[in-house]
Every structure is written in C-alpha cells, then in structure tokens.
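# Quick one, what's the 3D model for this:
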Amino acid sequence: MNKNITVLSCSIFRNEIETFLQKRKFNIIFIDSMLHMNPQELNAYLKKTIEEEIHKGNKVLLLYGDCSPSMRDFEKNGTVVRVTGINCCEILVGKEKYRELRKKRVFFLLEEWLVRWKEIFKKHLGLKDDIEKNLMKDMHSSLLYLHTGFRNIPVDTLNEIASFTGLEWNILTISPDNIQKEIDMAIENFDI
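You can find the predicted model right below:
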C-alpha cells in the first residue's frame, strides 16, 4: 500500500520526516513553506497536486495544519487524509504542549524559517520600525526555537532575532515521534 501513498508535506518538516518516510517508501512531495504567506496560492497548488496524484491512482496524505482555506475540504472519500493539528508547531509538539506554550505567549521559531527570518519578519510580518517591533513584545513573552536535533542549534541567528525583536529566546528540544504518530493515525483513515 505504501507505494500508492503520496505525502504532500510542508517543507518545514523536511528534516523531521524525510528519514522516517523514506523507510516507509512513500512518494514525498515537499512544498515550499513560504506559500503559507499566500494561503490562496498554497490552496491552488495543493488542489492541483492532489488532483494529479489521485488521477495517478495514489492516495494523498497531507502533512499540513489549517494552512489554506480549503484544507479541510481536501479530505474526501478516504482518498485524501490529513494529520491533525492546527499548524506545524502543534503537529511537532502535540496538542496539549502547544496549548500550554500558547498560553505562555511564546513566538515559535522553526529551523527552515530561521534562514529566512529577515524576509519573514520584515517583509511578511511588516516589522520595520520600533513601534512594530514593540508589538512583538506586547503580543509575545519570548521566542521559542523548536529543536528536533537534526542540526546544530543556530545560536548566532537566534541572537540576531532576539536583538531585532527585543525578546529572549529559549529552546525546546523535541522528538519527531509526534509526527510519526500523526502519520500513522492518518494512514489508518485511508479506505483500504
């Protein structure tokens, strides 16, 4: 059955799932995480890719949160299933831990976006001057880097972001086990 499953995954999960999924011999299509900044474009790309994969006779597993307007509508007829979780952070840490961290008002940082942090913060989030940067401090208590152990901790980059936002950073080391559990649970939802 694995060879007939295509996983459409946000590239934010590349390091965390590539090894696990390769062992399972799934078809994997990683989609650039920057499409999150344009949900309509992400939606159109996912719709097109899902239709192509179903036309090939494949089932589709979506490794995404609620990242586009039609995400829940894509799940249909046991041919397309999705992991649970409202976003990539919840998928990585689990629902209870995510809620706990949100109550603490942390701003989550993930490895892939760290290399693009200036583009994300300045262009997409519009943090250009002190007033906008102070908004970060009003809304968030700290920065939290979710570290899955696939790379060294990018201390210099975290320090740059902390200096830019005025927020201290912390690290939460997590295991990719939660993603594996989510994938296994989603697979159980396919019609066989």
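
# tell me what the helix or strand of the chain with the lowest mean pLDDT is packed against?
Every helix and strand in the chain was compared by mean pLDDT, DSSP states H and E; the lowest is helix 14-24, with a mean of 75. When contacts are defined as 3 or more Cβ pairs under 8 Å, 6 or more residues apart in numbering; DSSP states H and E, helix 14-24 sits against strand 5-10, strand 27-31, helix 177-188. C-beta coordinates here come from the backbone N, C-alpha and C atoms, glycine included.

# Please name the bridge partners of the nearest residue to Val80 once chain neighbours are set aside.
Nearest non-adjacent residue to Val80, counting by Cβ to Cβ, 6 or more residues apart in numbering: Val60, 4.5 Å away. When bridges are called by DSSP bridges, Val60 pairs up with Thr6, Val80.

# So what's the residue count around Val60?
25 (other Cβ atoms under 10 Å).

# That one touches Thr79, doesn't it?
Yes - with contact defined as Cβ atoms under 8 Å, Val60 counts as touching Thr79 (6.8 Å).

# which neighbours do the two share?
The contact sets of Val60 and Thr79 overlap at Ile54 (Cβ atoms under 8 Å, 6 or more residues apart in numbering).

# residues contacting Thr157?
Taking Cβ under 8 Å, 6+ apart as the test, what Thr157 contacts is 114-115, 117.

# now the top helix by length along the chain: mean pLDDT?
Longest helix of the chain, by residue count under DSSP state H: helix 39-55. Averaging pLDDT along helix 39-55 yields 94.

# and the residue nearest the centre of the chain, what does it touch?
The centroid of the chain falls nearest to Cys88 when counting by Cα atoms, centre = their mean (3.1 Å). For Cys88, the contacting residues are 10, 12-13, 64-65, 110, by Cβ under 8 Å, 6+ apart.

# before we move on, the earlier item: list the buried ones in the longest helix of the chain?
If you call a residue buried by 16 or more other Cβ atoms under 10 Å, then helix 39-55 has these buried ones: 42-43, 45-46, 50, 53-54.

# can I assume Phe190 sits in a strand?
No - if the criterion is DSSP: H, G, I helix; E, B strand; the rest coil, then Phe190 is coil and not within a strand.

# and it, how many neighbours?
When counting by other Cβ under 10 Å, one arrives at 16 neighbours for Phe190.

# swap in Glu111?
With other Cβ under 10 Å as criterion, Glu111 counts 19.

# Spatially, what comes nearest to it if we skip its sequence neighbours?
Residue nearest to Glu111 in three dimensions, not counting chain neighbours: Arg151, with 6.1 Å by Cβ to Cβ, 6+ apart.

# Checking the one you found next. Helix, strand or coil?
Arg151 falls in the coil class when you classify it by three-state DSSP.

# most packed of the helices and strands packed on helix 14-24?
Burial of these is given as mean neighbour count (mean count of other Cβ atoms under 10 Å); strand 5-10 ranks first at a mean of 23.

# Export it to PDB, keeping only CA atoms.
Only the C-alpha atoms of strand 5-10 are listed here, as PDB (Å, rounded to 0.1, in the frame of the first residue of the first chain):
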ATOM      1  CA  ILE A   5       0.600   6.900  -1.000                       C
ATOM      2  CA  THR A   6       1.900  10.300  -1.800                       C
ATOM      3  CA  VAL A   7       2.700  12.600   1.100                       C
ATOM      4  CA  LEU A   8       2.300  16.300   0.400                       C
ATOM      5  CA  SER A   9       4.300  18.000   3.100                       C
ATOM      6  CA  CYS A  10       5.200  21.500   4.000                       C
END
